[in-house]
Every structure is written in structure tokens, then in C-alpha cells.
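Trainee: Based on what follows, work out the 3D shape:
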Amino acid sequence: MADPRFETGIVRDLVEENAAIGELAKSEEAFRATIAAFQSADRKAFHAVLEKLKLHEHCRLICEWIRSKQCMLLCFRLCGPPKSTDQPPPDPRALAEAIARLSTDEAAIRQVAAIVEKGDAAAFQHFIAAHKLGPFCHLFCHWVCYVRYHLVCRWLCNLELKEQPNFAAELLSAARAVRGLLEHKTAFDDAVAASMAGDATKLAGVIEAAALTPFCFYICLFFCSWRCVLVCLRLCRRFPFVEIPDPLKETFAFAQALQPLVANSTVLERLSLAVGAQDEKAFDAIVSELKLQRYCIQLCHWICFVRCRRFCIRVCPPIFKHPWFTHVGDFDILGDFDPGTGLTNKAHGHGGPNYGFFGNLSLRGFCPKVSPAFPGAAMAYRFLFVQGGATTNITGGFVSEVLVGSRYTLWNGNPFTLQSVRIRGIGATSPTPPPPSASPTPPDHFIVPDPQGWVIVDPQALDDGFNGWLMGLASLVAVPVGNPVPPGLAAGSPVAGPDQKNGVHAAIVFQATRVSTIAAVNGGAPPDYTNQLAKIRINNWGEVMLLDLLQFHSGSGNPCSPLSTDLDIEYTIDHELMAAWSIEKITAATIVPAPTFPSGVGPRGGAGTDHHNISTWPTCSYAIRLHSQRSLTNGLIDDPDKFIEKTFCIGRRNGRPTPA
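Mentor: Below you'll find the predicted structure:
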């Protein structure tokens, strides 16, 4: 069943493009000059014509219309008129594999880019033969052409660009994207199925699951170019494909032939639906009714191109509107975590390298208010905690409070009073507007995730969404711990291997989807967007810290007994992620030479008895401290230095004070 919103957007694009090109086609001279400027990518000449006709605001519409038409004409010239056939369509994998091979041959990519830029038919045919692309000539040509003219329109209409994009480099990136999809076991076949079904959500999910989101546009473009060639061959096979001796004259005639449709969006809608459904009978009837048989293949490619553009916007929404999970505190989930250990691989003034995580974790990223692919559709997001094969929705007690931003609210009659927005796990989401009170400022607005962990992005929030802290994870709830000291362990004895406490590996998954699809996602359907931190090491165990003095529990000694000749420091320090530990003495006395004490860095710590002859130490009070700092961070603040201590004194020896 057709999506009304999607179809409405397509018809609007068709009407607007047709109207803009109609204005240009009122002057054949201006029309020809614009096409010539497009073909040579002459931005100055292109805008000179548009500005003269007061059409500069319609640059994109005009360029996109020319782009679809020129691509079809160029491939007619390079490959010859396509041959209508009743044979089954070729396997897209075969073409994709050929493109993947080209992606490893930069010289070949540069060669074909230069050939297409020159429009050299003989050289193109030679290239096709050399790379065994004969059965795919039009399909391959349209793929190359889509990449080429996409860059041309970017250059012509984006005046912020200071340097013309490099076609060969772009074509190489597009080829590598296709290769990347093939390298995932089932991704290519799944993408083919989603594309053929016109399922943008499924195709986007396949691309995300293959970790190819940055290359989404190239992948969608490959399938669109493939689909349009085959669909239009099928829909127009009743009308002969012939050589076009004067492409420019043909383009101008086509632009004029379309003008009666400017005021007839209903017919454009019927044509678009027929192309989308690949309905040969319906498309044939409308083309014949409009007496556009001569332009059938051109008409089809224009409509299919607009549909493809809309489809790819849904599959690959603008990257700056894409929902993402990006950081844990200050640490980038893509670049700052070791994929094998889940520890940090660098420091940001703190927290690394080789640090694990503990405490309340701030999960950062971006989620827009409305879907980038479905205009006006409200968005929601949630986080999942995965550990040991079990998945837990981060909601309720698993949520630690975070500030997510500010919003406008009605307060004391002012509808634009700023109010802090926080997420917490308990209670209920605060009402909007807040209940009035005598306070000059409104209370904070609290959002509580629903039982499945979903947070609906507040439409009153500043900016276009929540950008920064999205959720707090109370990792002590997610990974509960107890007393790390084994029963009966005495200071000075090491922690036996079976008794050593360790952290856990976990994954944190982010999901974002339209509010209207939450129920479906809860039922197992894929969300619109998802990404994850695949491995994070979480360790909330405190270190084992034991300290004693042998003299306090041997012979007749006790903690109140003064010492005189021997000091034996018994210590045990143990943790999986030990940053550093040390023993120090605290005293007002001066000891020469100064004694040294054990210390260490890195896991797991140490244990033993440290003996000192204190017979020459001055009479005074002393403290022995055992310091410890774990290699743990919550992403913002590191585990601090901690210590425990034992105090003792050295009193009179033989009734006389010890000499200083």
C-alpha cells in the first residue's frame, strides 16, 4: 500500500521541478545555455542564466531535472539505445561484484571517470569489454552517471563550496561502499530485497547493521540506479528505443511537452504511482492518453529519479539530523574504546588509557524532535544494557539523573520562560505547563522513561532535539557487587585467584524510532535507527585494602602498645584495574636516612609484610597509610586516591628518650 505522505512529497517535487523547467523553457536560447553550462559544470554561466530569468532560487529543482534527463541521454550515447527484452533481469550481485573489483583498481576508476566526463562512446565500449561489463552496460553507465551528476548539482547549486568535487574520488568512494556491503554475509541480499520492496526502513536497518551508515547514500544510489533502468525498460518496452540525433533539441522538446502537466498534479500522481508499482498497463494508458509515447523512457526516468531521491532521503536522512549514541562521558564510543578489552584507549585529561568504568555513566548523543525521514513524526529513544546474554531496558532504578537541556514553558504568564529538563528513573514525567507557584522561576521538568525505557524528545526543547546527555546509567544497579574482601583474609596475605573480584563486559545499545512505531519495536520490529558501544568494561568492585602491624597482634602486643625496635607492616591491596598503590608514613619526626616503602602500579596490587628496624627512629607518633587508586572512570570523573591507616607511637626506651 502506498504511503500517502511519501507520495504527496513526490508529486510536489514533480510539480515544482516541472514548473521551474517550464519557466526556463520559455526561451530556447536560455534553455540551451543552461544545459551547456550543466554539461561543462560551469557554475558562473549556469547562475548567469538563472539570475537573468530570476530563477536562481530554483537552482536545485532545475539542476535535478536536467540531471535525470542528461543521465538517460548520456547512457544512450555511451551504450546505444537499450534493447527491450522479456528475459528475467540480471542479478544485481554480479554488477556489484564487478564494481567491487573496480574499487581496488584506482587507475581503472580514474579512467572510466575521465571517459564519462568526455562522453567518449568508443572508449566507454572498450572499457566495458575490458572489464566484462557487457550485459550491464546501461546499468553500469547509470550508476556512474548518477554519481557524476550528483556532484555536478552540488557544485552548481551549493555556492559555499570553494573547490569543485573530484569525480574520480567520489566514484571510488561509491565503489568501496558497494564492496563494503558485499563483504557482510547476508547484507547485500537483504538490501536487494528491501530495495525491491521499496522498504526504506528495512534498507536503512541493513546498512546500519553492516556499520555502513556513513556510506548510506552511495549504497542507496546503487540500488536506485539499478531499479530505474530496469523499471523504465519494462514500462516503455512497447515503444521503440531509437537513436536521438540531437539530444539538446530532444531535451527542449521534452520540457515543453511536459508543461500541460504543471496544472494537473492528479495526472502526475497517477504516473508516479504507476512507476512505483511497476504497473505497465496503467503507465502505458496514461502515456498514450497524454500522447507522450515518444518521450516514454525520458518521462519514466524523470519520475523514477524523483521517487528514488525521496526514497534515499528516507533511507539516508541528512547526517546532521541522524540520531546517534556518541559518548560515555568524554569518551567517544567509536574511537576511544579498545574493542577487545572494553577499556579506554586514550586519556582526555583523565580516564585513560586502559581505564574501566564505574558508577553513574552519562550516555551522550543526539536525537531530533522529529524524524529526519518522516517529516513531522515525533521521535523517541531508549538505551539497552546487554550483559551475559541478558538485555535490560535502562529504565526505573537503572537510570541515574542527568540534565538533558532546557525548554520553553508557560510560567507567570510568560510562554517563553526557560526551564531545565532532566531525566530520572523514578516518579512521573512532570506536567506541562508546571503547576503555578510563587517562585520567580519554574521547577525543573523531569522526564521519566516509560516501562520499556522510551524517552519522547520534548517538542518544547531548545534547538532541534536533545543533544548531549541523553541518559544516565546507574551501573551499580546494572552490575551489583558486594564486599570484595574474602572471609577470613588477613592483612599481608594475597587474595587467592578464585577469590579475586573482576568486572564484566557489557554492551550499551541505543535505539531511536518514531513514536508511532514504539509498539512495533517493543514487539520485536527493528527501530528506525540504532547503534551501540559493543564492549565496555564495568567494574564497581572496591579494592581489597587491608593494613595491619604485626606488633599489634603478636606476642602480647595490641594497638595501644608502643613500639621500640621493630615495625612489620602487613598489607594486602588487590583490584582488577589498579592504577597505583603505595605505603607511606606520616610523622612529625625526621628520620635519617628516610625509609622506603612498597608501592606499585597496575593490576592486581600486592601483598606482603614490610619490615623496618625502628630502633633509631625518634620518639614520636606515627601513621602508616596504604593508598590506592583504581583505573576507573565514569567518563567525567576518575576514581580518587583513597587510603586507610594504622597509627602507632615510639615511646621511651630504657626510661630515656631516644636521641634525635
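Trainee: what sits opposite Ile586 in the beta ladder?
Mentor: Per DSSP bridges, the residues bridged to Ile586 are Ala623.
Trainee: Go ahead and confirm it touches Phe643.
Mentor: No: with contacts counted by C-beta atoms under 8 Å, Ile586 stays clear of Phe643, the gap being 9.8 Å. C-beta coordinates here come from the backbone N, C-alpha and C atoms, glycine included.
Trainee: Give me the common contacts of those two.
Mentor: Arg625 (C-beta atoms under 8 Å, 6 or more residues apart in numbering).
Trainee: the more surrounded of those two?
Mentor: A side-by-side neighbour count of Ile586 and Phe643, using other C-beta atoms under 10 Å, places Phe643 first with 18 against 12.
Trainee: Is the more buried one in contact with Gln629, as I believe?
Mentor: No: using C-beta under 8 Å, Phe643 is not in contact with Gln629; the gap is 9.7 Å.
Trainee: tell me which residues in stretch 555-569 are buried?
Mentor: Going by neighbour count (16 or more other C-beta atoms under 10 Å), the buried part of stretch 555-569 is 563-564, 567-569.
Trainee: Quick check, central residue of the chain?
Mentor: Trp324 (4.5 Å; C-alpha atoms, centre = their mean).
Trainee: From Arg364, how far off is it?
Mentor: From Trp324 across to Arg364, the span is 9 Å (C-beta to C-beta, to the nearest Å).
Trainee: returning to that earlier point: I'd like the buried residues of stretch 555-569 as JSON lines, with secondary structure appended.
Mentor: What follows is the buried residues of stretch 555-569, written out as JSON lines (DSSP: H, G, I helix; E, B strand; the rest coil):
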{"residue": "Leu563", "secondary structure": "strand"}
{"residue": "Ser564", "secondary structure": "coil"}
{"residue": "Leu567", "secondary structure": "strand"}
{"residue": "Asp568", "secondary structure": "strand"}
{"residue": "Ile569", "secondary structure": "strand"}
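Trainee: one step back: nearest spatial neighbour of the residue nearest to the centre of the chain, chain-adjacent residues omitted?
Mentor: Nearest non-adjacent residue to Trp324, counting by C-beta to C-beta, 6 or more residues apart in numbering: Gly365, 4.9 Å away.
Trainee: So which elements touch the helix or strand encompassing the one you found?
Mentor: Counting by DSSP states H and E, the element that carries Gly365 is strand 360-368. Applying 3 or more C-beta pairs under 8 Å, 6 or more residues apart in numbering; DSSP states H and E, one finds that strand 360-368 contacts strand 324-328, strand 379-387, strand 465-474, helix 475-478, strand 504-514.
Trainee: Enumerate every residue touching Gln259.
Mentor: Counting by C-beta under 8 Å, 6+ apart, the residues that Gln259 touches are 18, 22, 25.
Trainee: Next, the buried residues of stretch 353-366.
Mentor: 354-366.
Trainee: Return the member of those nearest to Gly134.
Mentor: Of all these, Gly134 sits closest to Phe366, with 46.6 Å by C-beta to C-beta.
Trainee: that older thread, walk me through which strands the strand holding Gly365 pairs with, and which way each runs.
Mentor: strand 324-328 (antiparallel), strand 465-474 (antiparallel).
Trainee: between that strand and strand 379-387, how many degrees?
Mentor: 150 degrees (axes from the mean of the first three to the mean of the last three C-alpha atoms, to 10 degrees).
Trainee: returning to that earlier point: neighbour-wise, which one of the contacts of Gln259 leads?
Mentor: Asn18 (22 neighbours).
Trainee: Would you mind giving the secondary structure of it?
Mentor: With three-state DSSP as the basis, Asn18 sits in helix.
Trainee: residues touching it, list them.
Mentor: Contact partners of Asn18, counting by C-beta under 8 Å, 6+ apart, are 65, 258-259, 261-262, 268.
Trainee: Please produce a ChimeraX select command covering the buried subset of those.
Mentor: Of the contacts of Asn18, the buried ones go into a single ChimeraX selection, burial set by 16+ other C-beta under 10 Å:
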select :65,258,261,262,268
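Trainee: Among the contacts of Asn18, pick out the one closest to Ile313, please.
Mentor: Looking across those and measuring by C-beta to C-beta, the closest to Ile313 is Trp65, at 17.3 Å.
Trainee: tell me the mean pLDDT for whichever strand or helix holds that closest one?
Mentor: Using DSSP H and E, Trp65 sits within helix 59-79. Helix 59-79 carries an average pLDDT of 92.
Trainee: those strands in the stretch 451-600 of the chain, which residues are they?
Mentor: For the stretch 451-600 of the chain, the strands defined by DSSP state E, counting those that start in this stretch occupy 455-456, 465-474, 504-514, 529-538, 544-549, 566-575, 578-587, 599-601.
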